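A.B. asks: With the input below, show me the fold.
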Amino acid sequence: MTLGFKEASTCVVFIMNVAVASTAIAANNISPLANKVPQNTLLLLCHQKSHYKIKSSFMDQLVQNYLQHYYLPWNQDIFSSLSPLSLFYNEKNAIKQFKSNPGWDISKQRHPQGWIDAIKKNMDLSNFPNYRKRGITINQTPLRLLPTKIPSFGDPKKAGQGFPFDNLQVSSLDANIPLYIVHTTADGAWDFVITPSTAVGWVQVKDVTLVTQQFIDQWKKSRYDYLVPIKENFAIKGVGAHYFFSTRIGALYPLVKRERRTSKILVATSDADGMAVVKIAEVSNKIAHTWPLSASSKNIAQLADHFLGLPYGWGGLYGYRDCSLTIRDLFAPFAIWLPRHSTQQAETGIVNDIANKTSEDKKQLILRNGIPFFTLLWVHGHILLYIGQWNNEIVVFHDPWGVHTENKFHQEGRLVIGKTVITPLSLGKGYLTVPKTWLDQVNSYTLLVPPQQLAKENIQELCANSATANSATQQSRPKKN
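C.D. replies: Residues are numbered from 1 along each chain as shown. The predicted model follows:
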């Protein structure tokens, strides 16, 4: 099939300042090499020698694995891997951490000690767990470490510790995500939940509704028939154009019926008693497709193009994505399940440790054994997707916040990228203010699927059309005097 389009980790790395333009990394910032990397995943795909797709026989296994993780919060054995006691002590430790250092607020003022005391009282941990019910999100909602919307930043005077790095932000949940509700605050405004990725935290009660077994049976009735967005940020509407919520790439909806131009899907909303009810929504087939998409390097590249230029959002703040959320959402439409945070993602698949290798050895190992669009590269606190070579350099697709620099007095600084980009892995090499490039820092590379489960794909016609289109675009641009 061809798509119709061309922890929360810090994602901060040791490179120079990079500004991003629509088609290439802007000039006069880092090096001539960087300026030559096009922000076009399909063009870079066509530049590679081989192209791959996952065998259909293995896709069935991926689908079953994905759904097993996705519906984990609704399983009867939810506490087999996360015991209430361990969750209780996690929350106690979080309170202890912020009691000793409550951090700074949005105005760059220190939080008073009384701030964390009020949060602790509202958590009602003496009665933990006090709820134990299954639920589902009905809006996009932040997942918080403690039950408060108020941020807690590190020292704003230190590089990489102030805005936007809210230490209370765990993640962001899309609408219609299965949950297990463990505990509720004393004021009834927050629920402590377990998510499909086993990330835990607090969500506002207004964004969650309870589900019955009857609801779950109806929701899962379609078994393997689902619909996924293939465009970013569009409204989900019901009969009479009633607005439910907005969605984006990475979400998953039970499919009721697919017609020539539109598809009908199930969505969850809440009744007056706070119980989930099933509604029917209609989505254009131009912006959504049956799940899973054919897991080919061609389709991954085409979908990745929709992420390029999107703003960085630490822990999913403000509805944006960070590095690991970008990678997770990119692969979700292909039934490749990935955990929420970069360290866990790096451990999902066939892991190859190269931390103690030289940078040149790392480069050669990745080029020799890495599979473009199916290989993750892990730097401490950051995850990148290997997409091949360009001008004899490894190029990667990723969503970094910014850059870590160091002057001759060993003073650290940060310069911002702040969006999803394609860069060389060795970006910044040769600059005195760049202690280490991404290549220098790569600890491991991970093959997302076993190589024997991949088949070669012929995309000559697609690449010929892409080359023609790219040539026409270049010729239509005005020449500089």
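
A.B. asks: Point out where the stretch 251-400 of the chain drops to low pLDDT.
C.D. replies: Judged against pLDDT under 70, the stretch 251-400 of the chain has no low-scoring part.

A.B. asks: Please parse this structure into its domains.
C.D. replies: With automatic domain parsing as the criterion, the domains of the chain are listed as 12-64+294-474, 81-213, 216-291.

A.B. asks: could I get these as TSV with distance to residue 74?
C.D. replies: For glycine as for every other residue, the C-beta is placed from the backbone atoms N, C-alpha and C. Formatted as TSV, these follow (distance: least, CB to CB, whole Å):
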stretch	distance to residue 74
domain 12-64+294-474	16
domain 81-213	5
domain 216-291	6
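
A.B. asks: of all those domains, which lies closest to residue 71?
C.D. replies: Between residue 71 and the domains of the chain, the tightest spacing by CB to CB is seen for domain 81-213, at 5.7 Å.

A.B. asks: Test my guess that residue 323 contacts residue 380.
C.D. replies: No. Residue 323 is not in contact with residue 380 according to CB atoms under 8 Å; the separation is 11.9 Å.

A.B. asks: neighbour count winner among these two?
C.D. replies: Under the neighbour definition other CB atoms under 10 Å, residue 323 and residue 380 were set side by side, and residue 323 has more, 29 against 14.

A.B. asks: how close does that one sit to residue 388?
C.D. replies: To residue 388, residue 323 is 19 Å away according to CB to CB, to the nearest Å.

A.B. asks: Skipping adjacent residues, who's closest to the residue most central in space within the chain in space?
C.D. replies: Central residue of the chain (CA atoms, centre = their mean): residue 325, 1.2 Å from the mean position. The shortest distance from residue 325 to any non-neighbouring residue, by CB to CB, 6 or more residues apart in numbering, is to residue 316 (5.5 Å).

A.B. asks: Repeat that for residue 407.
C.D. replies: Residue 407 sits nearest to residue 433 (CB to CB, 6+ apart), 6.3 Å away.

A.B. asks: three-state assignment of the one you found?
C.D. replies: Following DSSP: H, G, I helix; E, B strand; the rest coil, we place residue 433 in the coil state.

A.B. asks: what's around it, how many residues?
C.D. replies: 17.

A.B. asks: What's the end-to-end length of stretch 267-281?
C.D. replies: 7 Å (CA to CA, to the nearest Å).

A.B. asks: residues of that stretch that come out buried?
C.D. replies: Using 16 or more other CB atoms under 10 Å as the test for burial, stretch 267-281 gives 267, 268, 269, 270, 276, 278, 281.

A.B. asks: chain center to that stretch: distance?
C.D. replies: 27 Å (CA atoms, centre = their mean, to the nearest Å).

A.B. asks: rewinding a little: which one of the domains of the chain lies nearest to residue 70?
C.D. replies: domain 81-213 (5.0 Å).

A.B. asks: can you give me the end-to-end distance of that closest one?
C.D. replies: End-to-end distance of domain 81-213: 22 Å, with CA to CA as the criterion.

A.B. asks: Please, where are all the strands along the stretch 1-150 of the chain?
C.D. replies: Counting by DSSP state E, counting those that start in this stretch, residue ranges of the strands within the stretch 1-150 of the chain are 12-13, 52-54, 133-137, 141-144.

A.B. asks: nearest to residue 331, of these?
C.D. replies: Nearest to residue 331 among those is strand 52-54; the distance by CB to CB comes to 11.0 Å.

A.B. asks: Show the secondary-structure elements that that closest one is packed against.
C.D. replies: Judged by 3 or more CB pairs under 8 Å, 6 or more residues apart in numbering; DSSP states H and E, the packing partners of strand 52-54 are helix 297-304, strand 454-456.

A.B. asks: swap the cut-off to 7 Å and go again
C.D. replies: Packing partners of strand 52-54 (3 or more CB pairs under 7 Å, 6 or more residues apart in numbering; DSSP states H and E): strand 454-456.

A.B. asks: How far away from the center of its chain is the strand it packs on?
C.D. replies: Relative to its parent chain, strand 454-456 has a centroid offset of 26 Å by CA atoms, centre = their mean.

A.B. asks: cool, and stretch 375-390?
C.D. replies: Relative to the mean C-alpha coordinate of its chain, stretch 375-390 is positioned 14 Å out (CA atoms, centre = their mean).

A.B. asks: in that stretch, what's buried?
C.D. replies: Buried residues in stretch 375-390, counted by 16+ other CB under 10 Å: 375-379, 381-390.

A.B. asks: ditto for stretch 75-91
C.D. replies: 78, 79, 82, 87, 88, 91.

A.B. asks: of those residues, closest to residue 353?
C.D. replies: Closest to residue 353, out of all of the buried residues of stretch 75-91 and judged by CB to CB, is residue 82, at 27.8 Å.

A.B. asks: From residue 126, how far out is that closest one?
C.D. replies: Distance of residue 82 to residue 126, given as CB to CB: 20 Å.

A.B. asks: Also residue 339?
C.D. replies: From residue 339 to residue 126 the distance is 32 Å (CB to CB).

A.B. asks: What is the nearest of the buried residues of stretch 75-91 to residue 187?
C.D. replies: Among the buried residues of stretch 75-91, residue 91 lies closest to residue 187 (CB to CB), at 16.3 Å.

A.B. asks: In helices only, show me the buried residues of stretch 75-91.
C.D. replies: With helices taken from DSSP state H, the overlap with these comprises 87, 88, 91.

A.B. asks: show me what contacts the last one?
C.D. replies: When the contact criterion is CB atoms under 7 Å, 6 or more residues apart in numbering, the partners of residue 91 are 123, 125.

A.B. asks: can you pull the pLDDT of it?
C.D. replies: Predicted confidence (pLDDT) for residue 91: 96.

A.B. asks: try the second one
C.D. replies: The predicted local distance difference test score for residue 88 is 96.

A.B. asks: Is it correct that it is in contact with residue 127?
C.D. replies: No. Counting by CB atoms under 7 Å, residue 88 stays clear of residue 127, with 10.5 Å between them.

A.B. asks: element containing the residue nearest to the centre of the chain?
C.D. replies: Here residue 325 sits within helix 323-331, counting by DSSP states H and E.

A.B. asks: just checking, what packs against the helix or strand that that helix is followed by?
C.D. replies: Helices and strands here follow DSSP H and E; after helix 323-331, the next one along the chain is helix 342-346. Using 3+ CB pairs under 7 Å, 6+ apart, the elements in contact with helix 342-346 are helix 323-331, strand 375-379, strand 382-390.

A.B. asks: Adding distance to residue 345, write those out as TSV.
C.D. replies: Shown next, in TSV, are the helices and strands packed on helix 342-346 (distance: least, CB to CB, whole Å):
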stretch	distance to residue 345
helix 323-331	6
strand 375-379	6
strand 382-390	5
